[in-house]
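Engineer: task: produce atomic coordinates for the following.
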Amino acid sequence: MARIPPPVATVRTAVRRALRPVAAPGLVLVACSGGADSMALAAATAFVAPRLGVRAGLVTVDHGLQDGSAARAADVARWGRSAGLDPVEVAVVEVTGRPGGPEAAARDARYEVLSAVARRTGASAVLLGHTRDDQAETVLLALARGAGPRGLSGMRYRRGILVRPLLDVSRADTRKACAALGLVAWEDPHNTDPAYTRSRVRADALPALIATLGPGVVANLARTAGLVAADVAYLDGVARAALSACRSPAGLSVAALSELPPAIRTRVLHAWAGELGAPGAALSHRHVVALDALVTGWHGQGPTALPGGIVVGRRAGDLVRVDV
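Structural biologist: Modelled structure (predicted):
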């Protein structure tokens, strides 16, 4: 029996771990751009899924941001069918005109259409090709932005139907797996375009850290994300219970909020602001600090404005939404 190249085995093992919870004859979809990470993921899924009694398909997203994107998506789809993946779909999205920068707009459009395809096909999971290196880059970007624990927790292994089996697999291994399988991966020019912050982190910042601190820094950054994510999940659970305990007929009780540790109180305020309708992408640390000041730094100040046209004030011992 031919020996399986170690990088191929590494990727297949990661996929097998992700697919085991999927009950046969469940359907999973692989989101495949044609890059090395997602090609290695798709090839491993095509191999592993039938052996576990799981149906596996592929969806490739055409963002329409580069010349030839439609042809490239069609090539990926043809390869997916030849690999035995079924169903295979090309999803076309419109990125221009969306809020945020181009990276965020493309990501939001991609996740929306992947979720829509999953609902329509009845898929229980969509597998994404993010690697350990992507996780390390995410942590560095969060540090640079001054993000709190939620940002430092990086990308989740599972979020709803989205699953990232390769978060413990290196980018080098996905490239080696493609080479071993004879797969020709597409090199996205955006990944090396210095106009994008993540590209600069990938090309300059992370290599500088590796040169200074050693190659283990990538795994250590990714491990930090996992450790922080576990703490965030626990604190979020405590905060959900605290939010229920702080509710009053008008809003939230200031007295009850005052009894909470800051780490829990700010989470409660963040969650409550979301319930009021403040969009999560626009709700920042400074908004939560302003809400917290209505509890811990009250000196008769006026109400606080939140994203989405929401205004919160303090009335008769409660935090309440104020009509303006």
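
Engineer: and for stretch 170-189, what's in contact with it?
Structural biologist: With Cβ atoms under 8 Å, 6 or more residues apart in numbering as the test, stretch 170-189 has contacts from 5, 7-8, 10-11, 33-37, 39-41, 43-44, 66, 72, 76, 129, 131-134, 166, 218. Bear in mind the C-beta positions are built from the backbone N, C-alpha and C, glycine included.

Engineer: for the stretch 151-300 of the chain, what spans make up the strands?
Structural biologist: For the stretch 151-300 of the chain, the strands defined by DSSP state E, counting those that start in this stretch cover 158-159, 162-163, 252-253.

Engineer: and the protein, what are its domain boundaries?
Structural biologist: Each structural domain of the chain that the record assigns through automatic domain parsing is listed here as a residue range: 6-221, 247-321.

Engineer: end to end, how far does the longest one reach?
Structural biologist: Terminal residues of domain 6-221 lie 24 Å apart, using Cα to Cα, to the nearest Å.

Engineer: repeat that for stretch 80-95.
Structural biologist: 25 Å.

Engineer: show me which residues of that stretch are buried.
Structural biologist: With burial defined by 16 or more other Cβ atoms under 10 Å, the residues of stretch 80-95 counted as buried are 80, 83, 85, 87-89, 91, 93, 95.

Engineer: next: stretch 194-201.
Structural biologist: By neighbour count, and taking 16+ other Cβ under 10 Å as the criterion, the buried residues in stretch 194-201 are 198-199, 201.

Engineer: picking that back up, for residue 276, which of the strands of the stretch 151-300 of the chain is the nearest?
Structural biologist: Taking Cβ to Cβ as the criterion, residue 276 comes closest to strand 252-253 out of the strands of the stretch 151-300 of the chain, the separation being 10.4 Å.

Engineer: quick one: mean pLDDT for the closest one?
Structural biologist: Averaging the model's pLDDT scores along strand 252-253 yields 98.

Engineer: okay, now residue 21: neighbour count?
Structural biologist: When counting by other Cβ atoms under 10 Å, one arrives at 11 neighbours for residue 21.

Engineer: and it, that one's in a helix?
Structural biologist: No - inclusion of residue 21 in a helix is not indicated when DSSP: H, G, I helix; E, B strand; the rest coil is applied; the result is coil.

Engineer: all helices of the stretch 201-324 of the chain, in order?
Structural biologist: Taking DSSP state H, counting those that start in this stretch as the criterion, the stretch 201-324 of the chain contains helices spanning 206-213, 216-246, 254-258, 262-276, 285-296.
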